[in-house]
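Visitor: From the sequence below, what's the structure:
(2 chains)
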Amino acid sequence: MEAREYEFMAENEKVTILPKFNHPTFTLIQGDYGPFKAGNQIEVPLWLAVMLRQSDKCSIETPEWMDVEILEKCRDDEKEEGTFTKLPAKFIFEVANILFDVTAASIVHADQIRSVLKEIFDIRQSKLRKSIDKLITDGYLYAKINYLQEIELANFRPILPHAFDYIQRLDEATEVAKLIVDRSIQQSSMSIPSSFNNSTF
Amino acid sequence: DTHDVFHESNLNEEEEELTAEEVLAKLQEAWLNEKNAPELLNPQTEIVECLLDEIENMEENLATLEKGDIRITVHKMEMSRIKFLINSYLRTRLDKIQDNYEFYSKLEGDQRNRLSKEESDFLDKYKDTVEGLFRSLCYRHMPGNFDWSKVVKKIPKPNLQSAVFVKVENDVPGLEIRDTAGDGRDETIDLGRGEQHLLQYSMISHLLPDGAVSLT
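Guide: The predicted model follows:
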């Protein structure tokens, strides 16, 4: 899975827009959106919002969670908690990225928001690195990773499942080798009593 | 012109009784599962065919509109998104078939249902092509009366023990985790709704078809 594919999924998230035009309902395969009336807010999928914004047919409302105070609180919670906290939105990083690309001018304190989001991302990445280290060194067979966004795993994706898999294989091979060694020790120790019996008769 | 041309295209699928929106959501889930699973999963041919029908209807309807209508751009965008999903889904499956073609061609009876009719034909042709290549490239130059079909080969299989990230849709109490290395690390855990885990694929593969868990 690549980052682009996560962005693709993020583009289905709903955002609120302020259309500059009038139009009856769009009956899309993925649902009905509309009717559009200039000046009336309406919720549409992100990909549609971006398309309309780029042809200057609407303006995108900043989502509620894209606020400096809310994000700073998230960041502080994240620093305190040992596990991962629940983030205010699904696909928070991808949606923020897309909105910055398309409509940065209309977002209040865009730079601050960008840097707080980056801090949150970094804190979570370092937590993830530590817990993966623990997973591998302590030899756990499974791990619980609640509230982790898919894209955060993307950094670890080719390596982690692969390494986990190989460690399992090495463990299995070790077990088999142990069994073979044990069995051969048993066999060599069993041959002594049988010759002992023969010699007494 | 108040009658919306596109009303007719939102058909009710008699077989599934799902809205087109739900079918699309199912396709996205099937796509994610297929991308992350090490083995070929059950083909969702009905979902793919249903969406392809919808797209065809949409294209016919679009042809009746005049150029420059905003509806054209919007619907076209949505159609390319859906086409991307379908493409990616089918290509992932074909990649898996090609990676392990010997294993999948040895499947019999019920298990052959893992492949759709077209995929089955593709597999047969692919197998013939590859084996023909090996034959002409090296088998026929082997010395003596070397008969490759008499060799008993160990066939590479998909690795069912690879680790996968799992998202829990419905509660699964009492899931057994067996330690394949026999180190005595067997455990029984409960999976709660909404949790995410890292697990070996073989431990949860039986939960996938009903959608109790999904891969992420």
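Visitor: what ranges do the strands span in the chain?
Guide: Using chain A here. A:14-19, A:26-28, A:31-33, A:42-45, A:58-60, A:143-144 (DSSP state E).
Visitor: right idea, wrong chain: chain B
Guide: B:163-168, B:172-177, B:187-191, B:196-200, B:213-215.
Visitor: how about the last one against chain A, any contact?
Guide: Pointing back at strand B:213-215 there. No. Using CB under 8 Å from any CB of the partner chain, we find that strand B:213-215 stays clear of chain A, coming within 10.1 Å at best. For every residue, glycine as well, the C-beta is placed using N, CA and C.
Visitor: which helices and strands sit right next to that strand?
Guide: helix B:20-36, strand B:163-168 (3 or more CB pairs under 8 Å, 6 or more residues apart in numbering or on different chains; DSSP states H and E).
Visitor: Could you pull up the mean pLDDT of that strand?
Guide: Across strand B:213-215, pLDDT averages out at 88.
Visitor: quick one: low-confidence parts of chain B?
Guide: Counting by pLDDT under 70, chain B contains low-confidence ranges at B:1-17, B:148, B:180-184.
Visitor: longest single helix anywhere in it?
Guide: The single longest helix within chain B, with elements called by DSSP state H, is helix B:70-99.
Visitor: Buried ones in that one, by neighbour count?
Guide: B:70-71, B:74-75, B:78-79, B:81-82, B:85-86, B:89-90, B:92-94, B:96-97 (16 or more other CB atoms under 10 Å in any protein chain shown).
Visitor: Can you read off the pLDDT for the residue nearest to residue A:131 when sequence neighbours are not counted?
Guide: Nearest residue to residue A:131, sequence neighbours excluded (CB to CB, 6 or more residues apart in numbering or on different chains): residue A:143, at 7.3 Å. For residue A:143, the pLDDT comes out at 79.
Visitor: Same check on the one 5 residues further on?
Guide: Looking at residue A:148, its pLDDT reads 84.
Visitor: ok, residue B:109 - contacts?
Guide: Listed by CB atoms under 8 Å, 6 or more residues apart in numbering or on different chains, the contact set of residue B:109 is empty.
Visitor: How about residue B:51?
Guide: A:29, B:20, B:23, B:24, B:27, B:82, B:86.
Visitor: ok, 7 Å please
Guide: Applying CB atoms under 7 Å, 6 or more residues apart in numbering or on different chains to residue B:51 gives the contacts B:23, B:24, B:27, B:82, B:86.
Visitor: For these, which two are the farthest from each other?
Guide: Farthest pair in the contacts of residue B:51 (CB to CB) is B:23 and B:86. Separation: 11.4 Å.
Visitor: returning to that earlier point: the residue nearest to residue A:131 reaches residue A:133, doesn't it?
Guide: No. Using CB atoms under 7 Å, residue A:143 is not in contact with residue A:133; the gap is 11.8 Å.
Visitor: Same drill for these two, tell me which one is more crowded.
Guide: residue A:143 (17 against 10; other CB atoms under 10 Å in any protein chain shown).
Visitor: show me what contacts the more buried one?
Guide: The contact partners of residue A:143, taken as CB under 7 Å, 6+ apart, are A:135, B:197, B:198.
Visitor: What of residue B:214?
Guide: By CB under 7 Å, 6+ apart, the residues touching residue B:214 are B:29, B:32, B:33, B:167, B:169.
Visitor: Over to residue B:166?
Guide: B:196, B:197, B:199, B:204, B:213, B:215.
Visitor: if we can go back for a sec, how about JSON lines for the strands of chain B, with distance to residue A:83 added?
Guide: Compiled in JSON lines, the strands of chain B are given as follows (distance: least, CB to CB, whole Å):
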{"stretch": "strand B:163-168", "distance to residue A:83": "16"}
{"stretch": "strand B:172-177", "distance to residue A:83": "20"}
{"stretch": "strand B:187-191", "distance to residue A:83": "17"}
{"stretch": "strand B:196-200", "distance to residue A:83": "12"}
{"stretch": "strand B:213-215", "distance to residue A:83": "21"}
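Visitor: Please identify the most buried of the strands of chain A.
Guide: strand A:26-28 (a mean of 22; mean count of other CB atoms under 10 Å in any protein chain shown).
Visitor: re earlier: could you dump the contacts of residue B:51 into JSON lines with distance to residue B:103 added?
Guide: Output for the contacts of residue B:51, formatted as JSON lines (distance: CB to CB, whole Å):
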{"residue": "B:23", "distance to residue B:103": "31"}
{"residue": "B:24", "distance to residue B:103": "32"}
{"residue": "B:27", "distance to residue B:103": "26"}
{"residue": "B:82", "distance to residue B:103": "31"}
{"residue": "B:86", "distance to residue B:103": "25"}
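Visitor: For chain A, state which of those residues is nearest.
Guide: Ranked by distance to chain A (CB to the nearest CB), the contacts of residue B:51 are led by residue B:24 at 5.3 Å.
Visitor: who touches the closest one in this structure?
Guide: For residue B:24, the contact set (CB under 7 Å, 6+ apart) comprises A:29, A:30, B:51, B:82.
Visitor: Try it again at 10 Å.
Guide: Contact analysis of residue B:24 by CB atoms under 10 Å, 6 or more residues apart in numbering or on different chains lists A:12, A:28-31, B:18, B:47, B:50-51, B:54, B:78, B:81-82, B:85.
Visitor: Going by distance to residue A:67, which of those wins?
Guide: residue A:12 (23.0 Å).
Visitor: what bridges to the residue nearest to residue A:131?
Guide: Beta-bridge partners of residue A:143, counted by DSSP bridges, are residue B:198.
Visitor: now it: how far from residue B:96?
Guide: 26 Å (CB to CB, to the nearest Å).
Visitor: Contact partners for the residue nearest to the spatial centre of chain A?
Guide: For chain A, residue A:150 is the residue whose C-alpha lies nearest the centre (CA atoms, centre = their mean; 2.0 Å). Neighbour list for residue A:150: A:1, A:5-6, A:9-10, A:90-91, A:93-94, A:157, B:32, B:165, B:167, B:196, B:216 [criterion: CB under 10 Å, 6+ apart].
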